[in-house]
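1. give me coordinates for this.
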Amino acid sequence: MLSHYQMKEIPYLRILGRTNGSLEPVTLFWTASGIELNVKATEIWVKIRSDYDVFEPWVDVIVDGVLSQRLMVNKGEQKICLFRNMERDKVRNVKLLRDTPVFPTDEKTLLQLLEVETDGEFLPLETPKLRLEVIGDSITSGEGGSGAGEEMTWNSFCFNAVDNYAYMAAKELGAVYNCISQSGWGVFCSWEGNEQQAIPLYYEQVCGLLNGERNKQLGAMEKWDFQKFQPDVIVVNLGTNDGSGTKNMDRVGKAVEDFLRKLRVCNPESYILWCYGMLGAEILPTLEKAVGNYKRKTGDKRVEFVKLPDTQEGEFGSRQHPGHRSHEKTAKILVEKLTLLFTP
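-> Next up is the predicted model:
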């Protein structure tokens, strides 16, 4: 017999990603935001609510570290089965993640988790070995992770939160992570040169990229409480869009330094890696110099620049974005770097 649990009634529930703090319901704004729980049961369901005008949300169901379902979510309220007809005597780790990124142009975008139904019991989760925050653009949002190599359509389907360097690295490290990323945006400007489409402008909000009265009422534009999640490591993967959006490298460099200062104020103890290079290295000298300038001016030694491997022929996904093998290479570099930094 299935028992119904409001999200606030579930013991040991872990919320993944930046949210408004409410469990009634849990609103998922960002890529890879979601819930994690351990359950001993034969079946488990989650009731969700969705809305959109153009860009429908997708979700990922991960059972014991393996992607078992990737689903498009229809409008309205519905139940999703995470698993069923399983042996009862085994504890299973289950994650339900938002697969799609923020869609600022779709004011109706909405994904909420309302309740859980199961015939089993919830058990404690393991303590994460690391806490990561990953900040980026379309690459970090997983654009190109789904679809055929020749597919160039920009839609919800082309994104993938799991076949993605951030997820891969976190899984290997036993880490939890928050993802702050938006396709087309940069540290100074977007790929089209729009200086308002820069991640640092909205970093201190829950999800200030969103538009519309409903998102405002849900707290997307509120100040984020950094005490809720102090990362051990911040990975910044920005610069690709700035390279095509502007020729003014002095302003890009200043934006990098300013953002590093903001990151340090908000996260006093975090180690910061500024990464770049998965889609070319056109402005690498600018980024590397800016990171060096910041370190020299501030004396901050817990920051470094990391050159990422370029995506080679045969490694692309859809939309001429990095595919699985490219993300795998970057994840390996991050895992090696962080293992060295945090191994006693």
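
2. measure the residue nearest to Ala148 when sequence neighbours are not counted to Gly142 for me?
-> Closest residue to Ala148 apart from its sequence neighbours, by Cβ to Cβ, 6 or more residues apart in numbering: Ser318 at 6.2 Å. All C-beta atoms are positioned from the backbone trio N, CA, C, and that covers glycine. Using Cβ to Cβ, to the nearest Å, we find Ser318 at a distance of 11 Å from Gly142.

3. same check, this time on Leu123
-> From Leu123 to Gly142 the distance is 30 Å (Cβ to Cβ).

4. one step back: what about Ser318 and Gly142, which has more around it?
-> Using other Cβ atoms under 10 Å as the criterion, Ser318 and Gly142 rank with Gly142 on top: 31 against 22.

5. so that one makes contact with Phe159?
-> Yes: Gly142 sits in contact with Phe159 when judged by Cβ atoms under 8 Å, with a separation of 4.9 Å.

6. find the residues that touch each one of the two.
-> Thr31, Asp99, Pro101 (Cβ atoms under 8 Å, 6 or more residues apart in numbering).

7. who's in contact with Phe55?
-> Thr100, Phe103, Thr105, Asp106, Thr109, Asn155, Ser156 are the contacts of Phe55 under Cβ under 8 Å, 6+ apart.

8. which one of those sits in the busiest neighbourhood?
-> Thr100 (29 neighbours).

9. what about that residue, distance to Val26?
-> Applying Cβ to Cβ to Thr100 and Val26 gives a distance of 16 Å.

10. also Asp310?
-> 38 Å.

11. the more surrounded of those two?
-> The neighbour count for Asp310 versus Val26, taken as other Cβ under 10 Å, is higher for Val26 (26 against 14).

12. about what we covered before: distance check, the residue nearest to Ala148 against Gly145.
-> 8 Å.

13. intersection of neighbour lists for these two?
-> Common neighbours of Ser318 and Gly145 (Cβ under 8 Å, 6+ apart) are Cys158.

14. hang on, the earlier thing: so which of the shared contacts of Gly142 and Phe159 is the most crowded?
-> Neighbour max across the shared contacts of Gly142 and Phe159 (other Cβ under 10 Å) = Thr31, 31 neighbours.

15. could I get the phi/psi values of it?
-> phi -50, psi 130 (degrees, to the nearest 10).

16. likewise for the one 4 residues further on?
-> When read as degrees, to the nearest 10, the backbone of Ile35 gives phi -130, psi 160.

17. I'd say it and Leu96 touch.
-> Yes: in this structure, Ile35 is within contact of Leu96 by Cβ under 8 Å, at 5.5 Å.

18. when these two are compared, which one has more neighbours?
-> Leu96 (25 against 22).

19. roughly how far apart are that one and Leu16?
-> In terms of Cβ to Cβ, Leu96 sits 9 Å off from Leu16.

20. how about Leu82?
-> 15 Å.

21. now Ile234
-> For Ile234 relative to Leu16 (Cβ to Cβ), the value is 17 Å.

22. pLDDT value on the residue nearest to Ala148, please?
-> Ser318 is assigned a pLDDT of 96 by the prediction.

23. please apply the same query to Met7.
-> pLDDT, read off for Met7, is 97.

24. enumerate every residue touching it.
-> So Met7 contacts Leu13, Leu23, Glu24, Pro25, Val26, Ile35, Leu113, Leu114, Glu115, Val116 (Cβ under 8 Å, 6+ apart).

25. pLDDT score assigned to the fifth one?
-> As summarised for this prediction, Val26 has a pLDDT of 99.
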